[in-house]
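Chemist: Give me a 3D structure for the following:
(one chain, ligands or ions: 1)
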Amino acid sequence: MNTLNRVLILGATSAIAEQTARLLVAQGAHVYCVGRNPEKLQLMMDDLKVRAGSGQSIDGQAADLNEMDRHESLIEAAQTALGNLDAVLIAHGTLPDQKACEKEAEQALKEIQINALSVISLLTLLANQFEARQQGGVLAVISSVAGDRGRQSNYVYGAAKGMVSLFMQGLRNRLSRSKISVVTIKPGFVDTPMTDGFEKSGPLWAKPEVIAKGIVLAMQKGKDEVYLPGFWWGIMLIIRHIPERLFKRLSL
Ligand SMILES: NC(=O)c1ccc[n+]([C@@H]2O[C@H](COP(=O)([O-])OP(=O)(O)OC[C@H]3O[C@@H](n4cnc5c(N)ncnc54)[C@H](OP(=O)(O)O)[C@@H]3O)[C@@H](O)[C@H]2O)c1
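Modeler: Numbering: from 1, shown residues only. I've put the predicted structure just below:
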């Protein structure tokens, strides 16, 4: 089992990340939280401090993760605050307006930038640092089932998440001889602010608390890839195997 004592959480104000942080803190972890919105971040850290024991460190700073020239100093700040990092969870993301992305290439690229390129920048820096220190650790990212196959309703988001999943697959292969776990998390539909405006009834929808439990377990066990909840593994197995000849005609 991997130790999750000192954890950096990027995109910490996301509903899924916040629930994950609560579980980690309940287990005694020290956390360094990076979120875009300073007020939301402060509220979240205040809540974590109430939940934490007296010796636990709850620290963090606000940052727009699109500012990739800040990534190195953010990681340094987390290391200074916590000492060596055991684990990192990258959780930030945006759900684009697919129609707007179809009209304007600039909009599509903006979404690829935050959902994929910023994650790849962070992973590259973190992987090199974890590899150099030779102490193992966990690099976990929230990707999505949307990255498993392109669909007309959200293929810009899907392409970005697919890029992240594939990048992590390669990174995992590169680091397979180290003790570093590269954990790809693929949630299905989760009831969070990201999906406000969706009709959220039905058995496919999950609460962020449920996803958070799966994330902590996957990080502890050093899983390669997890679908959350687990039934998405079966759904995506079927979706991935529908012949393209047929798939392209479906309104998905
Ligand atoms: N909800 C779902 O159905 C679902 C399904 C599969 C995967 N996911 C993935 O799960 C992760 C967490 O999303 P969520 O569902 O918890 O939604 P959420 O609560 O809306 O969280 C998204 C977070 O990303 C942050 N963010 C966006 N752009 C950022 C930037 N440039 N710099 C820093 N932070 C930025 C947002 O910060 P602000 O608060 O400042 O906006 C927000 O905290 C995302 O990667 C998402 O793609 C979600």
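Chemist: Report the mean confidence score over the top helix by length along the chain.
Modeler: Looking across the chain with DSSP state H, the single longest helix is helix 155-174. Across helix 155-174, pLDDT averages out at 98.
Chemist: do the same with stretch 114-131
Modeler: The pLDDT scores in stretch 114-131 average 98.
Chemist: As a check, name the ranges of all helices in the stretch 51-200 of the chain.
Modeler: Remark: helices assigned in the stretch 51-200 of the chain by DSSP state H, counting those that start in this stretch are 71-82, 98-103, 105-112, 118-133, 155-174.
Chemist: May I have the secondary structure class of Cys33?
Modeler: Cys33 carries the three-state label strand when classified by DSSP: H, G, I helix; E, B strand; the rest coil.
Chemist: Now that it has come up, it's in contact with Leu41, right?
Modeler: Yes. Cys33 is within contact range of Leu41, at 6.3 Å (criterion: C-beta atoms under 8 Å). C-beta here means a position set from N, CA and C on the backbone, and glycine is covered the same way.
Chemist: residues in contact with Gly150?
Modeler: By C-beta atoms under 8 Å, 6 or more residues apart in numbering, Gly150 lies in contact with Gly158, Ala159, Gly162.
Chemist: Report how many residues lie close to the residue nearest to the last one when sequence neighbours are not counted.
Modeler: If the residues on either side of it in the chain are set aside, Gly162 comes closest to Gly147, at 3.7 Å by C-beta to C-beta, 6 or more residues apart in numbering. For Gly147, the tally of surrounding residues (other C-beta atoms under 10 Å) stands at 22.
Chemist: and Gly147, what is it in contact with?
Modeler: Gly147 is in contact with Gly158, Ala159, Ala160, Lys161, Gly162, Met163, Val164, Ser165, Lys186, counting by C-beta under 8 Å, 6+ apart.
Chemist: Try it again at 10 Å.
Modeler: By C-beta atoms under 10 Å, 6 or more residues apart in numbering, Gly147 lies in contact with 115-116, 157-166, 184, 186, 236.
Chemist: pLDDT wise, what is it at?
Modeler: With respect to pLDDT, Gly147 scores 98.
Chemist: next one: the one 4 residues further on
Modeler: Here the pLDDT value assigned to Arg151 is 97.
Chemist: Any idea how many residues pack against it?
Modeler: Around Arg151 there are 16 residues (other C-beta under 10 Å).
Chemist: How about it: what's its closest non-neighbour residue?
Modeler: Closest to Arg151 by C-beta to C-beta, 6+ apart is Leu252, at 4.3 Å.
Chemist: now Arg22
Modeler: Leaving aside its chain neighbours, Arg22 sits nearest to Arg51 (6.3 Å; criterion: C-beta to C-beta, 6+ apart).
Chemist: Against Asp47, how distant is the residue nearest to Arg151?
Modeler: Look at Leu252 and Asp47: by C-beta to C-beta, to the nearest Å, they are 38 Å apart.
Chemist: Compare the two (neighbour count), which wins?
Modeler: The residue with more neighbours, out of Leu252 and Asp47, is Asp47; 15 against 12, by other C-beta under 10 Å.
Chemist: Which phi and psi values does that one adopt?
Modeler: Asp47 adopts backbone torsions of phi -60, psi -40, taken as degrees, to the nearest 10.
Chemist: picking that back up, could I have the longest helix of the chain exported to PDB, CA atoms only?
Modeler: This file holds the C-alpha atoms of helix 155-174, laid out as PDB (Å, rounded to 0.1, in the frame of the first residue of the first chain):
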ATOM      1  CA  TYR A 155     -15.300  15.500 -28.300                       C
ATOM      2  CA  VAL A 156     -13.200  18.500 -27.400                       C
ATOM      3  CA  TYR A 157     -13.300  17.600 -23.700                       C
ATOM      4  CA  GLY A 158     -13.000  14.000 -24.700                       C
ATOM      5  CA  ALA A 159      -9.900  14.700 -26.800                       C
ATOM      6  CA  ALA A 160      -8.300  16.500 -23.900                       C
ATOM      7  CA  LYS A 161      -9.000  13.800 -21.400                       C
ATOM      8  CA  GLY A 162      -8.000  11.100 -23.900                       C
ATOM      9  CA  MET A 163      -4.700  12.900 -24.300                       C
ATOM     10  CA  VAL A 164      -4.100  12.900 -20.600                       C
ATOM     11  CA  SER A 165      -5.000   9.200 -20.300                       C
ATOM     12  CA  LEU A 166      -2.600   8.300 -23.100                       C
ATOM     13  CA  PHE A 167       0.100  10.500 -21.700                       C
ATOM     14  CA  MET A 168      -0.300   8.800 -18.300                       C
ATOM     15  CA  GLN A 169      -0.200   5.400 -20.000                       C
ATOM     16  CA  GLY A 170       3.200   6.200 -21.500                       C
ATOM     17  CA  LEU A 171       4.500   7.800 -18.300                       C
ATOM     18  CA  ARG A 172       3.400   4.700 -16.300                       C
ATOM     19  CA  ASN A 173       5.300   2.600 -18.800                       C
ATOM     20  CA  ARG A 174       8.400   4.800 -18.500                       C
END
